[in-house]
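A.B. asks: Quick check, what structure comes out for this input:
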Amino acid sequence: MALPSTVYKASIQLSDVDRGVYETMQATVAQHPSETEERLVARLLAYALFQEPELSFTKGISATDEPDLWVKGADGRVRLWVEVGLPEADRIIKAGRHSERVALLACGRALAVWDQQQLPKLGKVANLIVFSIDQPFISRLAALLERSINWSITITEGMFYLTIGDETLETAIQVKLGGC
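C.D. replies: Numbers count the residues shown, from 1 in each chain. Got it, this is the predicted structure:
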């Protein structure tokens, strides 16, 4: 018998000063049994970082032909494809051909190796932006993860500030590649 997903309820107060986005976001997010808490946290961070109307979580790990998040137009075409983690360059290149914009939050313990092996292959994808956030920041958030998530996030001048209760964490948002 397969293990069930773990469901998290998230409430995120977002102030993205850099983009002029101020939202209170509510989401129910399922953590697949094979998904780590760090990856779940990274998906939530991407949800805030790339927030725009109609951005939604997909089926995630269980649907290999979908990204982690996306914005689909009324005609069913993908307007924004958002990946999280360290995907193969071929996956991102294909997404770039089939969607208006592609965004990647590159994160994971093997980020330095991925940067050397995969990032150079992505330079010609004109509609792609790649950000990364430090792994210790993600790991700390994963350690604080509860089933009911209440975060306050401020993004300003390339910095990411996240408050949980009375603790505020911060990290730089690194632009690895981009320009859509």
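
A.B. asks: list the contacts for the residue nearest in space to the middle of the chain?
C.D. replies: For the chain, the residue nearest the mean C-alpha position is residue 46 (2.3 Å; CA atoms, centre = their mean). Counting by CB atoms under 8 Å, 6 or more residues apart in numbering, residue 46 touches 68, 69, 82, 84, 103, 105. Yep, even glycine has a C-beta here, placed from its N, CA and C like the rest.

A.B. asks: Which of those sits closest to residue 41?
C.D. replies: Minimum distance to residue 41 across the contacts of residue 46 is 9.7 Å, recorded for residue 84 (CB to CB).

A.B. asks: Let me see the contact set for that closest one.
C.D. replies: Counted by CB under 8 Å, 6+ apart, residue 84 has contacts 39, 42, 43, 46, 68, 69, 104, 105, 107.

A.B. asks: Next step: these restricted to strands.
C.D. replies: Among the contacts of residue 84, the residues falling in strands (DSSP state E) are 69, 104, 105.

A.B. asks: Which one (most neighbours) among these?
C.D. replies: Highest neighbour count within these, by other CB atoms under 10 Å: residue 104, with 31 neighbours.

A.B. asks: where's it relative to residue 37, distance?
C.D. replies: Distance of residue 104 to residue 37, given as CB to CB, to the nearest Å: 20 Å.
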